[in-house]
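Sharing a model prediction with you, sequence too.
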Amino acid sequence: MKHAFYDTLNRQAEALLAGEDDMVAAMANFSALLNEHLDSLNWVGFYVRREQVLVLGPFQGKVACTRIPWGKGVCGTAAATDTTQRIADVHQFDGHIACDSASNSEIVVPVRRNGEVIAVLDIDSPSFNRFDEADQTGLEALVRTFEKALFGQ
């Protein structure tokens, strides 16, 4: 069931991003698309790499942390290790950076250009264990669609 949901969402993302070459505009609409279609979220958006810091990019949700050090917190860990981080309980994640105390679970997917992490997609939920393996697979596919649309890779 989730597989079909993410396939449909991926097609919507492809249509939304078709012909768009501005990364900020694409990130803004991509965040809005996910916020509109995924349930039980309290934040979805991007952090963009600026040397060894992740800087807040377009998002949907409450006020957020502006800068996250490379390798710190869930976002910085995803960026530094170039791996998706799916955290069932952020309060158990050593070094978690609490931008919103209402967040209880989180998934962060690296965004790459030419094989290099240039940003991360960060999604928070007030529910514990909100994201499962199907969500991870679906969100990773959506990020690949984003990369292909923007960077042609």
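Cool, got the structure.

alpha carbons only for contacts and neighbour counts from here, please
Noted.

Might one say that Asp82 is in contact with Gly115?
No. In this structure Asp82 lies outside contact range of Gly115 using Cα atoms under 8 Å: 9.6 Å.

Looking at those two, which is more packed in?
Ranked by neighbour count (other Cα atoms under 10 Å), Asp82 and Gly115 place Asp82 first, with 17 against 9.

And that one, how far from Gly76?
10 Å (Cα to Cα, to the nearest Å).

Any idea what the most centrally placed residue in the chain is bridged to?
Taking Cα atoms, centre = their mean, the centroid of the chain lies closest to Leu121, which sits 1.8 Å from it. Per DSSP bridges, the residues bridged to Leu121 are Phe46, Val109.

Relative to Met1, how far out is it?
Distance of Leu121 to Met1, computed by Cα to Cα: 23 Å.

Give the buried residues for the top helix by length along the chain.
Looking across the chain with DSSP state H, the single longest helix is helix 133-151. By neighbour count with 16 or more other Cα atoms under 10 Å, helix 133-151 contains the buried residues 135-136, 138-140, 142-150.
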